[in-house]
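1. Sequence isn't available, so here's the structure alone:
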């Protein structure tokens with residue numbers, strides 16, 4: 001289709017996950033429940049880390065940043081999706097689509113960089129325990145977190161500019177959100193350059209943090225295997241198990257999808273976006289809290305404090 005057939009787009013129509021009203025109604029309650037669990041779990045993590053001094057360590061600092069990013073990422077797409085489940089006409093203004101595209105892509109990229117920084121933190125904790133507090137000082141932690149966010153937002157800015165400069169032939173997006181590959185399908189012109197940029201972006205945002213994770217855990221496994229006692233090895237593996245679980249899910253799904261975009265169907269892309277926007281932010285606090293004794297102990301201490309305050313107020 002040539003440039004002469006392109007149209008001016010003032011809003012987009014999102015096809016969503018289903019055209020069946022009964023299915024949409026059921027999906028609304030399912031994703032509303034998941035959204036509430038996500039908000040509750042991540043706010044609980046932020047609440048515990050803020051109130052319990054024993055969690056004022058680099059590991060939990062990065063976890064708090066990850067929870068904050070997950071909260072923002074989920075809110076960039078899920079509330080609109082919930083509204084559209086109950087709407088007959090699923091539209092989004094052009095400016096809102098661009099903003100959603102930019103913010104969700106930026107936060108998603110930032111999360112991959114954060115997982116890489118967290119892997120480095122675990123590497124220092126296991127391989128250099130005596131120098132951990134010296135190496136992972138407050139300035140470095142703040143610098144790494146800020147660098148992850150800046151890298152994610154800069155990458156997203158580049159992709160947003162080159163995507164929305166394309167002439168568009170129609171405004172129907174086969175997705176529930178303004179996602180990269182779904183928007184590119186609307187273009188009237190050859191998108192080979194954009195697909196190359198998607199591949200480059202995927203390498204920088206996904207493969208480089210993944211390489212850092214593999215490097216860190218390679219050294220971690222080697223260090224753990226040198227520990228003589230079985231109890232010591234078990235404790236060392238326990239400090240990394242939660243992070244490794246999240247990393248495996250995120251990087252595995254991202255590599256499967258975005259490093260081979262030409263063979264992904266719209267349905268696969270919807271499922272991938274759902275995984276990153278809904279499932280991962282919901283599972284992150286669950287995995288970290290259920291598999292971490294320190295977090296559970298902190299929760300018990302905070303609950304005792306709150307119970308004591310409540311008893312004094314009503315005594």
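-> Yes, it's here. Predicted model only: the values in this text are computed from it and were never measured.

2. dump the residue contacts of residue 25.
-> By CB atoms under 8 Å, 6 or more residues apart in numbering, the contact set of residue 25 is 85-86. For the C-beta atoms, the positions are set from N, CA and C on the backbone; glycine is no exception.

3. same thing but at 10 Å, please
-> Contacts for residue 25 (CB atoms under 10 Å, 6 or more residues apart in numbering) come out as 18, 85-86.

4. I'd like to know which of those are buried.
-> residue 85 (16 or more other CB atoms under 10 Å).

5. Out of the contacts of residue 25, which is nearest to residue 280?
-> Nearest to residue 280 among the contacts of residue 25, counting by CB to CB, is residue 85 at 20.6 Å.

6. what residues are up against that closest one?
-> Each residue near residue 85 by CB under 10 Å, 6+ apart is listed here: 16-18, 21, 23-32, 176.

7. Buried subset of these, written for ChimeraX?
-> In ChimeraX, this line selects whichever of the contacts of residue 85 come out buried by 16+ other CB under 10 Å:
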select :16,17,24,27,28,31,176
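
8. list the buried ones in stretch 205-217?
-> Those would be 205-207, 209-210, 212-213, 216-217, for stretch 205-217 by 16+ other CB under 10 Å.

9. now these as TSV including secondary structure and pLDDT?
-> Converted to TSV, the buried residues of stretch 205-217 look like this (DSSP: H, G, I helix; E, B strand; the rest coil; pLDDT from 0 to 100):
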residue	secondary structure	pLDDT
205	helix	91
206	helix	89
207	helix	88
209	helix	90
210	helix	88
212	helix	89
213	helix	88
216	helix	87
217	helix	84
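
10. Now render the residues you listed as TSV, adding distance to residue 53.
-> Output for the buried residues of stretch 205-217, formatted as TSV (distance: CB to CB, whole Å):
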residue	distance to residue 53
205	34
206	36
207	38
209	30
210	34
212	30
213	29
216	27
217	29
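
11. and the two most separated of these?
-> 205 and 217 (19.3 Å).

12. Let me see the ranges of the helices in the chain.
-> Secondary structure of the chain (DSSP state H): helices located at 21-51, 58-85, 94-127, 132-135, 138-164, 180-184, 192-202, 208-225, 230-258, 266-274, 280-290, 293-314.

13. Between these, which one is closest to residue 10.
-> Comparing the helices of the chain under CB to CB, the one sitting nearest is helix 94-127, at 5.6 Å.

14. Report the angle between the closest one and helix 58-85.
-> Going by axes from the mean of the first three to the mean of the last three CA atoms, to 10 degrees, helix 94-127 is angled at 150 degrees with respect to helix 58-85.

15. List the buried residues for helix 94-127?
-> Across helix 94-127, burial judged by 16+ other CB under 10 Å covers 94, 97-98, 100-127.

16. Centre of the chain to it, how far?
-> Distance of helix 94-127 from the chain centroid (CA atoms, centre = their mean, to the nearest Å) equals 6 Å.

17. tilt between that helix and helix 192-202?
-> Using the same axes, to 10 degrees: helix 94-127 against helix 192-202 is 30 degrees.

18. pLDDT on helix 94-127, on average?
-> Mean pLDDT, computed over helix 94-127, is 92.
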